[in-house]
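K.L.:
Model the structure of this input:
(6 chains, ligands or ions: 3)
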Amino acid sequence: MKKIEAIIRKSKFETVKDALANINVKFFTAQDVKGYGLQKGEKMVYRGSSYGTEYIDRIQMDIYTSDEKCGDIVSTILKAGATGEIGDGKITVLPIENIYRIRNAEENEMAI
Amino acid sequence: MKKIEAIIRKSKFETVKDALANINVKFFTAQDVKGYGLQKGEKMVYRGSSYGTEYIDRIQMDIYTSDEKCGDIVSTILKAGATGEIGDGKITVLPIENIYRIRNAEENEMAI
Amino acid sequence: MKKIEAIIRKSKFETVKDALANINVKFFTAQDVKGYGLQKGEKMVYRGSSYGTEYIDRIQMDIYTSDEKCGDIVSTILKAGATGEIGDGKITVLPIENIYRIRNAEENEMAI
Amino acid sequence: MDTNLFTTNNLWILIATVLVFIMHLGFATLEAGLVQRKNAINILFKNVMIVSIGLVSYYIIGFSLMYPGESWNGLIGFAQFGLALPEGDSIGYADGSYTYWTDFIFQGMFAATCCTIVSGAVAERMKLESFLVISLLFVSISYPITGMWKWGGGWLDEMGFYDFAGSTLVHSVGGWGALAAIILLGPRLGKYSKNGINPIPGHNIPLAAVGVFLLWFGWFGFNGGSVLSADPDAVSLVFVTTSLAAAAGAIGSFFTAHALFKSHDLTMVLNGILGGLVGITAGADLMSPMESILIGLIAGIIIPFSVVFFDKMKLDDPVGATSVHLVCGIWGTLAVGIFGSMAGLSQLMTQLIGIVSIGVFTFIFVFAVVYIVKATMGIRVSVEEETQGLDMAEHDMPAYHDLAPRSEDLAVK
Amino acid sequence: MDTNLFTTNNLWILIATVLVFIMHLGFATLEAGLVQRKNAINILFKNVMIVSIGLVSYYIIGFSLMYPGESWNGLIGFAQFGLALPEGDSIGYADGSYTYWTDFIFQGMFAATCCTIVSGAVAERMKLESFLVISLLFVSISYPITGMWKWGGGWLDEMGFYDFAGSTLVHSVGGWGALAAIILLGPRLGKYSKNGINPIPGHNIPLAAVGVFLLWFGWFGFNGGSVLSADPDAVSLVFVTTSLAAAAGAIGSFFTAHALFKSHDLTMVLNGILGGLVGITAGADLMSPMESILIGLIAGIIIPFSVVFFDKMKLDDPVGATSVHLVCGIWGTLAVGIFGSMAGLSQLMTQLIGIVSIGVFTFIFVFAVVYIVKATMGIRVSVEEETQGLDMAEHDMPAYHDLAPRSEDLAVK
Amino acid sequence: MDTNLFTTNNLWILIATVLVFIMHLGFATLEAGLVQRKNAINILFKNVMIVSIGLVSYYIIGFSLMYPGESWNGLIGFAQFGLALPEGDSIGYADGSYTYWTDFIFQGMFAATCCTIVSGAVAERMKLESFLVISLLFVSISYPITGMWKWGGGWLDEMGFYDFAGSTLVHSVGGWGALAAIILLGPRLGKYSKNGINPIPGHNIPLAAVGVFLLWFGWFGFNGGSVLSADPDAVSLVFVTTSLAAAAGAIGSFFTAHALFKSHDLTMVLNGILGGLVGITAGADLMSPMESILIGLIAGIIIPFSVVFFDKMKLDDPVGATSVHLVCGIWGTLAVGIFGSMAGLSQLMTQLIGIVSIGVFTFIFVFAVVYIVKATMGIRVSVEEETQGLDMAEHDMPAYHDLAPRSEDLAVK
Ligand SMILES: Nc1ncnc2c1ncn2[C@@H]1O[C@H](COP(=O)(O)OP(=O)(O)O)[C@@H](O)[C@H]1O
Ligand SMILES: Nc1ncnc2c1ncn2[C@@H]1O[C@H](COP(=O)(O)OP(=O)(O)O)[C@@H](O)[C@H]1O
Ligand SMILES: Nc1ncnc2c1ncn2[C@@H]1O[C@H](COP(=O)(O)OP(=O)(O)O)[C@@H](O)[C@H]1O
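P.N.:
Ligands and ions are numbered 1, 2, ... in the order given. Below is the predicted model:
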């Protein structure tokens, strides 16, 4: 089993979510993160001085999945999450040793 | 060593925390996440239209632990975190290669 | 490839960021987390009763990196993130199987 | 009339002016509370500029258009640019009730409220500069002309149309302006989808509640000051009818909203209070306490239906300005023909004529202005700007900094 | 008395009415600031409904109960449902100081404050509908009856009991109601555990601070208007004593809270100001500036002790209403027998009789009403609702939307 | 003068007092909105204490220093500790316009504003207790002495210096105090780095906007009450000039800030309104409407330049108090010699003498006091405290609890 971490643009979240739903991936966990990378944050002006943050707000989606489905999910996100401009983000695949559904203690493939 | 990621109900956080403390696991890192899954979010009403979020607010607990303790922790969370209703969440176990305590650069088993 | 998770003091974030920039690591993802550990949270007083939180606010930095650079990054964080007092936090190294740059679907070492 | 009474009368109108002024804060906070967090600076900016532009332009031309002295067939007239202090004894002015300056500043505070009503309805998607241009024309030309028809002694006044403090002259005028603008502007992105209505909840409901309390507070000056003297009987009756109508508006909305939506929606009750206040405004000096309760109650019952109705029409109004000011403004003006000492069929007809004529004029005027501005400057922000929020897009500034950036976070320009 | 002075007097009472009205916003924001974020809508909703229900019910029966004209042994009387405009010349009413309408609306604004005091104490756990029913009975029956005993010319008035603007008649009455209610209601979940007191901090302290400034602002009308005329000496002295007592209350709490808790707790200083205001209210027209400073200072010193005392008694009061209104209300009423031009042992006794008799009546009345409502409708939300917060449980609506949901996040009903 | 007019006049000054009082809430919310979230409790605490300390100390010595009756060469005098009610008929006091109590309370409300101006400038880094000590000396000694020079009939008054409602006596005095304090205090950590200016944005801009509306609201009392009677012509003219100057200030800042920064900075427009208000204050009774627009417009244009200038000088002022109160206070005082019925070169010179002499005295006084406090108690919090925020460091309490801690989260002391 794999854990897929996708760090994407906030503005792409809905598109990615819908694309995943199309391949029947409807369960995942999302969180707000701050991305430090090539792309810089928004410029702001306050009382005559302009400034900006170094990061931009991003969403990280964590998806636990079986080995078979993993490739599918990655390529779906690659397609749906891309704008082609700097700052589209990253997808990482990490190995999972075990996974459990808390509700009924089902394990591994059953739990996803 | 293992990393345990437990995505649980907010309302179960205290119970799980106390159950873990009972087996002497008092160190962990927690964060707020949004869970997309079978269970839908709360229904709200605003100016005559009802609506709801697709996600529900959850807490993710990350626990770094030794291989031996891992089983214990998982079964404790499975017990303490369950309500038996849809939406109880997931526990995942991932392999860790190294772990360090920043304070004194202690490594691996020593660092947990 | 590795994923490095560093859970550090908020007050050390800038120092660590600058130290990493010095060894040319400028891309990472950060998020706010709550750390439960030996160190307790701030004490507050409200209407005659004092109280405190069990956790303290921390920052988690996630860095995806190649196997070679991994050691460097870890030792840099160990140095820059330490105060020597309880509560400095942890660094963990997890194995990554694949990594992709969403912008152009570049893979693995190319994507970092 | 003697100096003493003149001083007291004048003082009351001045204090009423102060109370009407604070209604601008009421509108500002109500609207800021009911928009999304990402548009809060923008709506506050608009409100701040409206009062400012409103007062200055009303000084330059509005006041002279509204109170021209002489007019062409009671339809339009213009005294002069700026103010011209009348000759002679200040006590002689306005039947010995207030000075020329008092008259101007009290009227000036009223004028700006019209545009404020519009600002709420077009919130979250209208370009700042276009909005200010439209407001300028609205407050300095359209509002004074229709105002003159009644309060400036124009044709509606002669016909016997009655509108004590402006259910029509201020509120429904603002509401018609709002309606014209939102028709041309269109709804906020995503508000109406193929699946139905997607509510876009306000980001700070407590702030909106503060706004409604402040509006009620200011309304004592709005209605009480419209007595145009400190006459004890008249002003105190107006206080009673105004308060009871507001209270009954809340109660009406409370039960109606709960019956319709099975939920105690605070924003509905807040709108109910405003509906009651707008409803009583046309006849606040004519009604008995019981009649004012009825008028307020009915206004409060109307509100939830009206809000739903406009949403069904896909007329997107984030703060409910059309329901509160347009619908309840019409209701209040009609109520003068139904309840109270002037009630009667012929009065009802006259009221209807007033409502329709002022409505038609205002709607066409604002529609034309917005249409022209749309064709030239554009009236709507881009999709990107709307998504990002007007605060960042037009002001480069978020409304709230939850965590202040530390110095090191900041990159210097 | 002549028309001019009548007009001025009446105007002042009307303006005082406006100032007392805004105290409802003061209470609303103070209470909203001191509850948890998840209960902010609920407390605002209650406050909005209280003013509304209060005014309407005071119109229907409250005013006639409080000022019945004739009464049975100075204990109870009832004039008629609704209002009945007295015959004849309006200047004749109330010794030529204000009109009948003015009298009603000024008194009506006072009435609703009682329930507002209760709403803060029972916040975060009481059922909305039960609260409204209890409030309705409190404001339309209990408050007017005890109010009549003194202000309506009843037995306490004849006995020489003195309560200028209502330290007892308004504030301690509200405080007794609050006490009765929280005894039957119990503390918020988790407030008192085996380990001691778990503070549940308010979610928006700046909002609470806004509330206290607004209350002080409104108190100029509350106390100043209670002169019941614009008499220059009396009103200006009341302004001085009221302000100095409030200021001294802050100073008293500042030092006491710091001595006790080694910390500058803003909420304590805010409560100290309110304590000073409540304390001076009974004798605001009798005190010298120095005496008003003393009364305020002592009230400010009392506050932190009192807050801690109620917590020790496990009487959970999120906003400190019992300390501010009940304890300082009693202190202020007693102070009339200790300081100022009426001081003396016999007056002190009379004050005590007034405090106790009104306290006993109010406590029993509210206790009985709450008890019956508890047995029938229930008074407390379920554990789930309390944990989830009343905003979602009773209003399906959070107070703040930090990130506005985008249209796509929304599932249509 | 007769009782009736006396009553009306006195009533107006009392109402003006209430309006000036609420300016303290205006300052409190403006400043709270413009500081970081972690310092919000602290600035509110300071504002609450300033009003309280200000009123009590003004009662004890300030009033007697400012209005000593007799003075040594028009430079300094002292009547007595506390107040001493003048003998005889209250109508005789102050030319039959208001009572002694009214005089004190109106002046007392003014006095505290000075320190409030300072509190904003030194926000986010000054020790609470040191600030309170400095404020106490400022409000009870420095402000009354320079106030006496003009309003107490001192040497500047005899020389013909004119300052209607205090552009200099209140606002620039507060501004000089602020300047002296921030010079000795230094900028906030990280504000000025080798790379330039790092803005530290306010955490709640809507709250700041509320503050400015409330200040404008209160300014009707500040300027209108300074007529010291309800004289219809004078008060109504002052209302007109005050409002138009405020409105023009917003417009001036709107265009200037956009030209300079290519952005619609709400905080600049808010400061522009305040600049216009401060600017008109010295001559609000002397100007025509058009002149007041010009004065306000220029003040509004000055503001953005001034804010940038102080930042270039590395004088860190989180709320822009020096630009608003000092710079526009000077501008307004000079404007009396340039525009309006007193304009003329010799008047301009007299105005300059007043500005400079009061400025020098105040600057030296405050500088000396702050210097001594710095050397003894210290004036600046530690780096850790500043980083952590003064709310936790000095009050053990955050301003907002986004998520209320559940009972189980809490460890009992
Ligand atoms: N080495 C890394 N480790 C962790 N997160 C990274 C890393 N590199 C990039 N990211 C995340 O991906 C986001 C996008 O990366 P960026 O370099 O801006 O653009 P791109 O991926 O298009 O080259 C960053 O904001 C950051 O959140
Ligand atoms: N495949 C997955 N990847 C990541 N997180 C998941 C996944 N499936 C479920 N979750 C998380 O677990 C939570 C509970 O899952 P849900 O399907 O609602 O109930 P249950 O686990 O009882 O079947 C979800 O809200 C989500 O946060
Ligand atoms: N076993 C663990 N699993 C996950 N996070 C941990 C673990 N132990 C410590 N942490 C994180 O590291 C932080 C610091 O740990 P702590 O025990 O307080 O100090 P130290 O690392 O200096 O011994 C904690 O607040 C928590 O966020």
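K.L.:
Quick one: find the helix or strand in chain A with the lowest mean pLDDT.
P.N.:
None of the helices or strands of chain A scores lower by mean pLDDT, DSSP states H and E than strand A:49-52, at a mean of 86.
K.L.:
Just the terminal-to-terminal distance for stretch D:57-67.
P.N.:
From its first residue to its last, stretch D:57-67 covers 14 Å (Cα to Cα, to the nearest Å).
K.L.:
how far does it sit from the chain's center?
P.N.:
Its chain's C-alpha centre and that of stretch D:57-67 lie 18 Å apart, by Cα atoms, centre = their mean, to the nearest Å.
K.L.:
repeat for stretch D:138-158
P.N.:
Worked out by Cα atoms, centre = their mean, stretch D:138-158 lies 16 Å from the chain centre.
K.L.:
picking up where we left off before, next, the angle strand B:56-65 makes with the helix or strand just after the least confident helix or strand of chain A.
P.N.:
For strand A:49-52, the following helix or strand on the C-terminal side (DSSP states H and E) is strand A:56-65. Counting by axes from the mean of the first three to the mean of the last three Cα atoms, to 10 degrees, strand A:56-65 lies at 70 degrees to strand B:56-65.
K.L.:
Strand A:56-65 - what's its average pLDDT?
P.N.:
In this model, strand A:56-65 has an average pLDDT of 94.
K.L.:
That strand close to chain E?
P.N.:
No - using Cβ under 8 Å from any Cβ of the partner chain, strand A:56-65 stays clear of chain E, coming no nearer than 9.9 Å. In this view, the C-beta of every residue, glycine as well, is placed from N, C-alpha and C.
K.L.:
Are that strand and chain D in contact anywhere?
P.N.:
No - Strand A:56-65 lies apart from chain D when judged by Cβ under 8 Å from any Cβ; the minimum separation is 11.4 Å.
K.L.:
could you say what helices and strands that strand packs with?
P.N.:
strand A:2-9, helix A:13-22, strand A:28-36, helix A:67-80, strand C:28-36 (3 or more Cβ pairs under 8 Å, 6 or more residues apart in numbering or on different chains; DSSP states H and E).
K.L.:
looking at those, which is buried most?
P.N.:
strand A:2-9 (a mean of 23; mean count of other Cβ atoms under 10 Å in any protein chain shown).
K.L.:
Which residues does that one contact?
P.N.:
Residues from elsewhere that reach strand A:2-9, judged by Cβ atoms under 8 Å, 6 or more residues apart in numbering or on different chains: A:16, A:33, A:35, A:58-67, A:70, A:73-74, A:77, A:81, A:83, A:87-96, B:5, B:92, B:94, C:29, C:62, C:97, C:102.
K.L.:
Can you select the buried ones from those in PyMOL?
P.N.:
In PyMOL, a selection of the buried entries from those looks like this (16 or more other Cβ atoms under 10 Å in any protein chain shown):
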select buried, (chain A and resi 16+33+35+58+59+60+61+62+63+64+65+70+73+74+77+81+87+88+89+90+91+92+93+94+96) or (chain B and resi 5+92+94) or (chain C and resi 29+62+102)
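K.L.:
Show the contacting residues for the residue in chain A that ligand 2 sits nearest to.
P.N.:
Residue of chain A nearest ligand 2, by Cβ to the nearest ligand atom: residue A:27 (3.2 Å). Applying Cβ under 8 Å, 6+ apart to residue A:27 gives the contacts A:63, A:112, B:36-38.
K.L.:
same check, this time on residue D:43
P.N.:
D:28, D:31-32, D:35, D:119-120, D:123-124.
K.L.:
And residue D:370, by the same measure?
P.N.:
Neighbouring residues of residue D:370 by Cβ under 8 Å, 6+ apart: D:134, D:180-181, D:184-185, D:379.
K.L.:
where does it land in three-state SS?
P.N.:
Here residue D:370 is recorded as helix under DSSP: H, G, I helix; E, B strand; the rest coil.
K.L.:
Most proximal residue of the stretch 1-150 of chain D with respect to ligand 1?
P.N.:
Ranked by Cβ to the nearest ligand atom, the top residue of the stretch 1-150 of chain D for proximity to ligand 1 is residue D:38, at 20.9 Å.
K.L.:
Helix, strand, or coil at that residue?
P.N.:
Classification of residue D:38 by three-state DSSP places it in helix.
K.L.:
Does the helix or strand containing residue D:256 reach chain B?
P.N.:
According to DSSP H and E, residue D:256 maps onto helix D:232-261. Yes - residues of helix D:232-261 contacting chain B under Cβ under 8 Å from any Cβ: D:257, D:260-261.
K.L.:
List only those of the residues you listed flagged as buried.
P.N.:
Buried by 16+ other Cβ under 10 Å: D:257, D:261, out of the residues of helix D:232-261 next to chain B.
K.L.:
from the residues of helix D:232-261 next to chain B, which is closest to residue E:244?
P.N.:
Of all those, the one with the least separation from residue E:244 (Cβ to Cβ) is residue D:257, at 45.4 Å.
K.L.:
From residue D:303, how far off is that closest one?
P.N.:
Computed as Cβ to Cβ, to the nearest Å, the residue D:257 to residue D:303 distance reads 8 Å.
K.L.:
Next, show the common contact partners of these two.
P.N.:
Jointly contacting residue D:257 and residue D:303 under the rule Cβ under 8 Å, 6+ apart are D:268, D:272.
K.L.:
sorry, back to before: mind giving me the packing neighbours of the helix holding residue D:256?
P.N.:
In this structure, helix D:232-261 makes packing contacts with helix D:205-224, helix D:266-281, helix D:289-312, helix E:3-34, helix E:40-57, helix E:100-121, judged by 3+ Cβ pairs under 8 Å, 6+ apart.
K.L.:
Reformat those as CSV; add mean pLDDT and distance to residue F:7.
P.N.:
Shown next, in CSV, are the helices and strands packed on helix D:232-261 (pLDDT from 0 to 100; distance: least, Cβ to Cβ, whole Å):
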stretch, mean pLDDT, distance to residue F:7
helix D:205-224, 98, 20
helix D:266-281, 98, 31
helix D:289-312, 98, 29
helix E:3-34, 97, 5
helix E:40-57, 98, 29
helix E:100-121, 94, 16
